[in-house]
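Asks: Could you work out the structure for the sequence below:
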Amino acid sequence: MNRFLTAIATVILIMVFAFSCKKSDTANDGGSSGGLVEPQHYSISVLASPADGGIVTGGGDFEEGRTCTVSATPATGYTFTNWTENGDEVAVDADYSFVVSGDRSLVANFTSNGGGSVYFYVSIIAEPEEFGSVSGGGRYQEGQTCTVTASPDFVYVFTNWTENDTVVSDSVSYTFEVTCNRNLVANFALPTYVDLGLPSGTLWASCNLGANTPDGYGEYFAWGETEPKSYYDCDNYRYCHGCEVDDEMNYISMTKYCPDSYYGYNGFTDDLTILLPDDDAATANMGEGWRIPTNEEWEELMNNTSLSFYTTSNEVNGLLLTATNGAKLFLPAAGFISNMLWYAGSRGSYLTKSFDNDAPYNAWDLLFSSEGARMASGLRFLGQSVKAVRSER
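Replies: Next up is the predicted model:
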């Protein structure tokens, strides 16, 4: 009997222990997971100074990392001046946007017109902002003359001034009488071509063939080929039958653009003197009217512009050519390709339409580095950059 009672007591103790462990484990599980972490919230306080100077909106409770926009609207007889925090100016636009990272106490300051002069604010921005800069905005007395100016950067061009998507001026400098608040946008663009005011009227493409920005390297092309390749050599060149050379390392297996039979495959020769449209990478890829420039066009470009080795805001090196009319053209130092990419960032190698009559396995190129630019004869089958031109708009 005693043994039976002892056994029952033991079972009861085990059950009690198991139940207490289960509760403990449940608590521990909940503690270890921690649940979802609540995002940090911050308070954005907005006040008007003076209180009757205007209406402020946009304050409240915000999650960390969210964008908050506060707005100030002046009351009759007042003009918005700026936003301040702890006495320091943080914005001059009536609409102020920022990423929430802590509590903030913002004050919208308004200036009384005193029953006399009325003031208005002229807001100006550049679009896209990396294409240029603007100046001339600010606070103006009613009736004052305001001149806002747009300054395109690099090779970009100014398009127009707009307000509420309506064009108000096509001039870089826009002058008007201030009669109300204005919100002006200076619009800039990347032109398809650049008119450098050259004697011939030749227009130069803003970007390398295959690039969509002025400092993009673009694709590489062998002379006479219209498609880029992974590597460039005599064994995969369209107009060379293999890589046969003589004792002086002259290639003697050309199959097109070869006025001297000595250099032609099995004595091949033709009377072609300049690259045909069907073999022009610019024409094939950009359409009728576009072409690879001639030697003479490259020389005209260099003789009618100032040259400087330049580094863009994207850390791309190249040759910047500035014309007397203020237009600019940029040639990225994209190097060239054979079995690999060579000299990218330090040298540029650009195709012309002309091959070397004295050594027809070569073509004429524009070569440049930080030391200068020159025309040179180089192997036709190497992959080089293309800067296209056209004669008509």
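Asks: Run a quick neighbour tally on residue 155.
Replies: Residue 155 has 22 neighbours, counted by other C-beta atoms under 10 Å. Every residue, glycine included, has its C-beta placed from N, CA and C.
Asks: show me the contacts for it.
Replies: 190, 194, 206, 214, 328-330 (C-beta atoms under 8 Å, 6 or more residues apart in numbering).
Asks: Of those, which is the most crowded?
Replies: Of the contacts of residue 155, with other C-beta under 10 Å as the count, residue 214 tops at 25 neighbours.
Asks: about what we covered before: just give me the closest of the contacts of residue 155 to residue 302.
Replies: residue 329 (10.7 Å; C-beta to C-beta).
Asks: Where does the closest one sit: helix, strand or coil?
Replies: With DSSP: H, G, I helix; E, B strand; the rest coil as the basis, residue 329 sits in strand.
Asks: contacting residues for it?
Replies: Counting by C-beta under 8 Å, 6+ apart, residue 329 makes contact with 155, 194, 196, 204, 206, 301, 305, 320-321, 323.
Asks: mind putting these in TSV, secondary structure included?
Replies: Formatted as TSV, those follow (three-state DSSP):
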residue	secondary structure
155	coil
194	strand
196	coil
204	strand
206	coil
301	helix
305	strand
320	strand
321	strand
323	strand
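Asks: Run a quick check on residue 317 versus residue 311, I expect a contact.
Replies: Yes. If you go by C-beta atoms under 8 Å, residue 317 and residue 311 touch, sitting 5.3 Å apart.
Asks: which stretches of the protein have low pLDDT?
Replies: Within the chain, the segments meeting pLDDT under 70 span 1-37, 114-116.
Asks: what's the spacing between the spatially most central residue of it and residue 104?
Replies: In the chain, the centroid-proximal residue (C-alpha atoms, centre = their mean) is residue 213; its distance is 6.3 Å. As defined by C-beta to C-beta, to the nearest Å, residue 213 lies at a distance of 38 Å from residue 104.
Asks: Next: residue 95.
Replies: Distance from residue 95 to residue 104, by C-beta to C-beta: 16 Å.
Asks: Between these two, which has more neighbouring residues?
Replies: residue 104 (19 against 15).
Asks: Look up how far residue 241 lies from the more buried one.
Replies: Applying C-beta to C-beta to residue 104 and residue 241 gives a distance of 74 Å.
Asks: coming back round to it: neighbour-wise, which of residue 317 and residue 311 wins?
Replies: Higher neighbour count among residue 317 and residue 311: residue 317, with 19 against 13, using other C-beta under 10 Å.
Asks: if we can go back for a sec, can you put the contacts of residue 329 in a markdown table and add distance to residue 136?
Replies: A markdown table is the format used below for the contacts of residue 329 (distance: C-beta to C-beta, whole Å):
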| residue | distance to residue 136 |
| --- | --- |
| 155 | 24 |
| 194 | 27 |
| 196 | 28 |
| 204 | 32 |
| 206 | 27 |
| 301 | 35 |
| 305 | 30 |
| 320 | 27 |
| 321 | 30 |
| 323 | 26 |
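Asks: Show me the two of those that sit farthest apart.
Replies: Across those (C-beta to C-beta), the longest gap, 14.8 Å, separates 206 and 305.
Asks: Count the neighbours of residue 198 for me.
Replies: Residue 198 has 19 nearby residues by other C-beta under 10 Å.
Asks: Show me the helices in the stretch 201-350 of the chain, by range?
Replies: 281-286, 295-303 (DSSP state H, counting those that start in this stretch).
Asks: The ones you listed: which one's closest to residue 133?
Replies: Among the helices of the stretch 201-350 of the chain, helix 295-303 sits nearest to residue 133 (C-beta to C-beta), with 27.4 Å.
Asks: List the buried residues in that closest one.
Replies: Using 16 or more other C-beta atoms under 10 Å as the test for burial, helix 295-303 gives 295, 297-298, 300-302.
Asks: Nice, that's everything, thank you.
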